[in-house]
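# can't give you the sequence, but here's the structure:
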Ligand code: SF4
């Protein structure tokens, strides 16, 4: 066993963008405890970050790889020329690994494989993207804390205070770290996502040399630049949501809105003190669907709220029949210690709440099943979550992790969690779809 920290030689070629990539790889190497060697001879392994922009650059890169092989013998190739792996391997069959541009994760993986990192109990336990509790291919991106509303059934504002948004630059930096660490789907969360930036009066923040407003549309647009799915959760139907629909229609972010509506009867929404209670939700949903036909709408509702009459409940059923939402959760009202709604008159008996919940779910299950059935025969991209010998579980743009359904892919396909795969829908169940990969060779 070597008595020194593992040492990496590093050759950086090409443009400033490549230089930044080199800096990031070097930063990561240093933070993991690798030393950087100024000479080939002193290095245990050499990384060559190549350029492949023009023929002369390809030649220079191939020469640099040859030189590193002659002088050191153990070489990992990354950067722009990495996309032409065949060309690199034809010229230099002995390179240890070839990875592409902006692919820090793959290059770090190759380094770890051929030269394991030293263990540093202080530095190596916390990766730059922080400690994540989700599977490594998706992550929740929290954009604010607290809430300015005072819904009568909720005590979150009492516990967490008023809305405090995180500055846009900070959120985007975290998103970038996550994507660089291999995250394929960012789930934007908060108590009230549409209100992002309200507390800061949409103050501008510096991001990559530009001043950008701390506002949901601007944030969503920037997040959409990353090679990852972007899914917005807990979006209240404020008028500003209209601005997000074009981003969804253009494929910038996922055409998915998780919008907790809670009820459809005005007196109940008023008693709940819901934000956006007066908005004409049905009309707007129709408009959004015209603009973005693939839009998936998820919502949650509470039945049996104090004072809910048969008529209020009927209005709710009429609403869900007309709105034909894709995914719906329904809870019976239950008092939370400290919530204002506890003091409201006309609390309903538990049996009635349960009965309404069952009736609600019977209506919605039919709608959800019909909507899933309409997808049979369609082709779509899915993200693989889990792989078993006999099947893989994936999700489409219409499915948020944990709360929505799955796309089940039977058979022993060569898939891995985090893969994006194009599939054809072959069947549907109550909540899930069944699919097979589309053979791109055909
Ligand atoms: S339910 Fe949501 S919007 Fe209403 S107070 Fe609680 S956190 Fe805020």
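On my side now, so go ahead. These numbers come from a predicted model, not from an experiment.

# Show me where this structure has its helices.
16-31, 55-71, 85-91, 104-114, 156-160, 168-180, 216-223, 245-249, 266-272, 281-291, 310-323, 350-373 (DSSP state H).

# For the closest residue to the ligand within the stretch 1-150 of the chain, grab the count of nearby residues.
Proximity of the stretch 1-150 of the chain to the ligand (Cβ to the nearest ligand atom) peaks at residue 147, 3.2 Å away. All C-beta spots, glycine's among them, are computed from the backbone N, C-alpha and C. Residues lying near residue 147 (other Cβ atoms under 10 Å) number 22.

# what does residue 77 give?
For residue 77, the neighbour count with other Cβ under 10 Å is 29.

# still on that earlier bit, check contacts around the residue of the stretch 1-150 of the chain closest to the ligand.
Listed by Cβ atoms under 8 Å, 6 or more residues apart in numbering, the contact partners of residue 147 are 154, 156-157, 160, 162-163, 191-192, 195.

# Just the pLDDT for the residue in the stretch 201-350 of the chain positioned nearest to the ligand.
Nearest residue of the stretch 201-350 of the chain to the ligand (Cβ to the nearest ligand atom) works out as residue 275 at 5.7 Å. Note on residue 275: pLDDT of 72.

# give the contact list for it.
Contacts of residue 275 (Cβ under 8 Å, 6+ apart): 149, 151, 192, 236, 238.

# contacting residues around the third one?
Neighbour list for residue 192: 144, 147-149, 163, 234, 236, 275 [criterion: Cβ under 8 Å, 6+ apart].

# In strands, which of the contacts of residue 275 fall?
Residues from these lying in strands, with DSSP state E as the criterion: none.

# Among the residues you listed, which ones lie close to the ligand?
Checking the contacts of residue 275 against the ligand by Cβ under 6 Å from any ligand atom, the ones in range are 149, 151, 192.

# What's the separation between the first one and residue 56?
The one in question is residue 149. Separation of residue 149 from residue 56 (Cβ to Cβ, to the nearest Å): 61 Å.

# These two: who's more crowded?
Legend: neighbour count by other Cβ under 10 Å for residue 149 and residue 56, higher for residue 149 (18 against 9).

# Need phi/psi at the more buried one.
Dihedral pair for residue 149: phi -90, psi 170, per degrees, to the nearest 10.

# Which member of the ones next to the ligand among the contacts of residue 275 is positioned nearest residue 268?
residue 151 (11.7 Å; Cβ to Cβ).

# tally of neighbours for that closest one?
Count around residue 151 with other Cβ under 10 Å applied: 20.

# mind listing what it touches?
Applying Cβ under 8 Å, 6+ apart, the residues near residue 151 are 262, 272-275.

# Buried ones among those?
Buried by 16 or more other Cβ atoms under 10 Å: 262, 272, 274-275, out of the contacts of residue 151.

# residues from the stretch 1-150 of the chain in reach of the ligand?
Residues of the stretch 1-150 of the chain lying close to the ligand (Cβ under 6 Å from any ligand atom) are 147, 149-150.

# If we use 8 Å, what do you get?
Proximity of the stretch 1-150 of the chain to the ligand, by Cβ under 8 Å from any ligand atom, involves residues 147-150.

# which residues sit in contact with residue 86?
Per Cβ under 8 Å, 6+ apart, neighbours of residue 86: none.
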